[in-house]
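Student: quick one, what's the 3D model for this:
(one chain, ligands or ions: 1)
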Amino acid sequence: MAEAFIELDRVEKVFEVRRRAGFLRRERRQVRAVDSLSFTVARGEMVGYIGPNGAGKSTTVKMLTGILTPSAGRLRVAGIDPSRERTRLAHRMGVVFGQRTTLWWDLPLIDSYRLMHRMYRIPDARYRENLDRLVELLGLGELLDVPVRQLSLGQRMRGDIAAALLHDPEVLYLDEPTIGLDVISRTRVRDFLRQVNAERATTVLLTTHDLQDIEQLCSRVMVIDHGRLVYDGALAGLHEVGESERTLVVDLERELPPIEAPAPARVVRVVGPRQWLAFPASESAAGLVARIAARYPLVDLSVREPDIEAVIAKMLHGTEGTPEPPPDRDASPVPESS
Ligand SMILES: Nc1ncnc2c1ncn2[C@@H]1O[C@H](COP(=O)(O)OP(=O)(O)OP(=O)(O)O)[C@@H](O)[C@H]1O
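Tutor: Residues are numbered from 1 along each chain as shown. All right, here's what the predicted structure looks like:
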């Protein structure tokens, strides 16, 4: 078996919170953010770590980075207990929080990198080599002299990812690395992460609400809910467990009655010549497209992925995961078929 790089054995994290329970009365309450959580991640694996809001994802990552100490259980990263030897581990890990920056806001980007060069005591030759490579791969050349506050979100995110990798970390924790990015920046960041993982066998734990991040980057996904691991496996399997659905959006040449699609695919909405068909996310769209194309006059087609919330909701609660088409003023429900 591959060497376990991250190991959690029945890890718990309980927070004490005080809550107002009356005019002057406050009561203490315990929040079990992480509850008997066990998993291992092998060196070089790229794993998606997802779950609904408040599931315990950030708390797990904070324990992995040593910011928080577990209330119980055993946790090791590269054989190190993060909360006891945080500084030692800091040299071996990189962290990117999509919503925050580790860069110095008022300084040009390059100055943040120079400061990190010293902070992490990166050997000069290694620093230069890594910086050149990261600047090239992430397209940062023209941005190095720009103060961080003047960078766009996508530029800043690329800047942050470079900062997290300057010291050659063995493990990278990414929290929403593509949030708010346009399509080009998103693709660029994903391509880059794939490359780093392949070339350097960097272990990556990726928290995201973007299903495409997981689809394009991770062969394995872990789902956490109420602090517990509820799924650990391939993304395709998650679709099967959650029975999630994708949507085929079909533009016909003219308005027509609902398309007669092969079950379980079905029309869920019709607006003028546009029709939306839901079909199982675990199935390929190709067969469905071919059947429709053979019988109907098509102008255009596109496939919409289910969002992560819908997949998880359906898996956890069995709620309807059919993706909601965007609201249209002239939207009409599917006409009753006669
Ligand atoms: N410092 C804290 N003190 C008290 N409760 C906390 C603290 N940090 C987190 N919690 C609680 O622990 C639970 C898990 O929170 P956590 O931030 O780990 O969830 P998450 O999965 O990262 O959510 P999100 O997707 O919204 O970021 C929540 O109920 C949260 O309110």
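Student: next up, the contacts around Ser244.
Tutor: Residues in contact with Ser244, defined by Cβ atoms under 8 Å, 6 or more residues apart in numbering, are Leu238, Pro280, Ala281, Pro306, Ala310, Val311, Lys314, Met315, Gly321. From N, CA and C alone the C-beta is placed, and that goes for glycine too.
Student: tell me how far the residue nearest to the spatial centre of the chain lies from Glu215.
Tutor: The centroid of the chain falls nearest to Thr208 when counting by Cα atoms, centre = their mean (2.1 Å). Separation of Thr208 from Glu215 (Cβ to Cβ, to the nearest Å): 10 Å.
Student: same question, Ala162
Tutor: 24 Å.
Student: more neighbours: those two, which one.
Tutor: Relative neighbour count places Ala162 above the other of Ala162 and Glu215, with 27 against 15, counting by other Cβ atoms under 10 Å.
Student: get me the contact residues on the chain for the ligand.
Tutor: Counting by Cβ under 6 Å from any ligand atom, the chain comes close to the ligand at Phe15, Val17, Val31, Ala33, Gly51, Asn53, Gly54, Ala55, Gly56, Lys57, Ser58, Thr59.
Student: name the SS class of the second one, please.
Tutor: Okay, so that is Val17. strand (DSSP: H, G, I helix; E, B strand; the rest coil).
Student: where exactly do the helices run in the chain?
Tutor: In the chain, the helices defined using DSSP state H lie at 57-65, 86-90, 109-119, 124-138, 153-165, 183-200, 211-217, 235-242, 286-295, 308-317.
Student: now these as TSV including mean pLDDT?
Tutor: Below are the helices of the chain laid out as TSV (pLDDT from 0 to 100):
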stretch	mean pLDDT
helix 57-65	94
helix 86-90	89
helix 109-119	94
helix 124-138	91
helix 153-165	90
helix 183-200	86
helix 211-217	86
helix 235-242	73
helix 286-295	91
helix 308-317	74
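Student: tell me which of those helices lies nearest to Ala4.
Tutor: When the helices of the chain are compared by Cβ to Cβ, helix 57-65 sits nearest Ala4, at 13.4 Å.
Student: which outside residues touch that closest one?
Tutor: Identification of contacts with helix 57-65 by Cβ under 8 Å, 6+ apart yields 6, 8, 11, 13, 33-34, 37, 49-51, 68-70, 75, 77, 82-83, 86, 89, 93, 95, 173, 175, 205, 207, 224, 227.
Student: which of those are buried, as a PyMOL select command?
Tutor: Remark: buried members of these, expressed as a PyMOL selection using 16 or more other Cβ atoms under 10 Å:
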select buried, resi 6+8+11+13+33+34+37+49+50+51+68+70+75+77+82+83+89+93+95+173+175+205+207+224+227
